[in-house]
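Asks: sharing a model that was predicted from the sequence below.
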Amino acid sequence: MQLRSIILYSKSGEKRVLDFRLGELNIVTGTSQTGKSALLDIVDFCMGRDEVTLPIGPISRTVSWYAVLFQLPDTRAFVARKAPAPGRKSVTNAMLELGADLEPLDFEQLRVNADSTMVRQQLGGRIGIGDTAVDGAGGPLTAHLGHAALLCLQNQDEVSHRRWLFHRQAEDGIRTALRTTLPYFLGAVAEDQAAMQQQLTNARRALRRLQGELKAAEALNRDVDVTLQTLLREA
């Protein structure tokens, strides 16, 4: 999956498109405070993240929809996310369109027809990332496109940090997700690993129950044997 375009729609309906060259190194340059760092947050948001992490500024004050156009192996995907209402930091509504010749849509064509979960499932499934449960210390966790993005994106502070390797690594919940899903993305565990682990847990639980029943039966057998020996002596 490659990024073809990032699109911003203003509240007045104007459209601004930033195109990228597929299969090449793309470098975005510009003076300070012009929104370069916000591009990563926009892509992250359009890949299914519910929380908008864009700083308060000209972009967040003027943009009503954020969108990206992805090139998938067999088609294109247009994903648009409406900016949260004033006072809110997150939103789940989304728009998803698929088509071989898709181009950035006009403002009048934008509509909500999906949510963030559907975006992750649809895009992830088309590039081989299903909602696969993997087993972690806190229990099974579903690996999806959002977890894959953590391995592909890095902002400026993360690139220069001496102790951070992955996107959003400093966040507590993200650290756990990275530890749990990384073996899956590296191919070190099977897709049904969590299901197999659950089967093993259930089998061990059943084994402990049967072992307890066996001990109880053995104890009862000993008691019966003592009773019979006593009756024999009395006879």
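Replies: That came through fine.
Asks: from here on, just use CA atoms for contacts and neighbour counts.
Replies: Noted.
Asks: any idea which helix or strand carries residue 229?
Replies: When elements are assigned from DSSP states H and E, residue 229 belongs to helix 193-234.
Asks: I'd like the average pLDDT over that helix.
Replies: Helix 193-234 shows an average pLDDT of 79 in the prediction.
Asks: what's it packed up against?
Replies: Helix 193-234 is packed against strand 132-136, with contacts defined by 3 or more Cα pairs under 8 Å, 6 or more residues apart in numbering; DSSP states H and E.
Asks: sorry, back to before: roughly how far out does the helix holding residue 229 sit from the chain middle?
Replies: 44 Å (Cα atoms, centre = their mean, to the nearest Å).
Asks: list the contacts of the residue nearest the centre of the chain.
Replies: If you average the C-alpha coordinates of the chain and look for the closest C-alpha using Cα atoms, centre = their mean, you land on residue 146, 3.0 Å from that point. The contact partners of residue 146, by Cα atoms under 8 Å, 6 or more residues apart in numbering, come to 47-49, 120.
Asks: that one and residue 49, how far apart?
Replies: 7 Å (Cα to Cα, to the nearest Å).
Asks: what's the farthest-apart pair in the contacts of residue 146?
Replies: The widest separation within the contacts of residue 146, taken as Cα to Cα, falls between 49 and 120 and amounts to 8.9 Å.
Asks: which strands and helices sit next to the helix or strand harbouring residue 64?
Replies: Taking DSSP H and E as the definition, one finds residue 64 inside strand 63-71. If contacts are counted by 3+ Cα pairs under 8 Å, 6+ apart, strand 63-71 sits against strand 2-10, helix 38-46, strand 76-82.
Asks: out of the contacts of residue 146, who has the most neighbours?
Replies: Going through the contacts of residue 146 with other Cα atoms under 10 Å as the criterion, the one with the most neighbours is residue 48, at 26 neighbours.
Asks: residue 113 reaches residue 96, doesn't it?
Replies: Yes - with contact defined as Cα atoms under 8 Å, residue 113 and residue 96 form a contacting pair (6.8 Å).
Asks: these two: who's more crowded?
Replies: When residue 113 is set against residue 96 and neighbours are counted by other Cα under 10 Å, the residue ahead is residue 96, at 22 against 11.
Asks: mind listing the residues bridging to the nearest residue to residue 2 once chain neighbours are set aside?
Replies: In this structure, residue 2 finds its nearest non-sequential neighbour in residue 71, 5.1 Å apart by Cα to Cα, 6 or more residues apart in numbering. The partner list for residue 71 in beta bridges (DSSP bridges) reads residue 2, residue 76.
Asks: got the contact list for residue 71?
Replies: For residue 71, the contacting residues are 1-4, 77, taking Cα under 8 Å, 6+ apart as the criterion.
Asks: and the pLDDT for residue 22?
Replies: In this prediction, residue 22 has a pLDDT value of 91.
Asks: burial count for it?
Replies: By the other Cα under 10 Å criterion, the neighbourhood of residue 22 contains 13 residues.
Asks: now it. Its backbone dihedrals?
Replies: phi -70, psi 140 (degrees, to the nearest 10).
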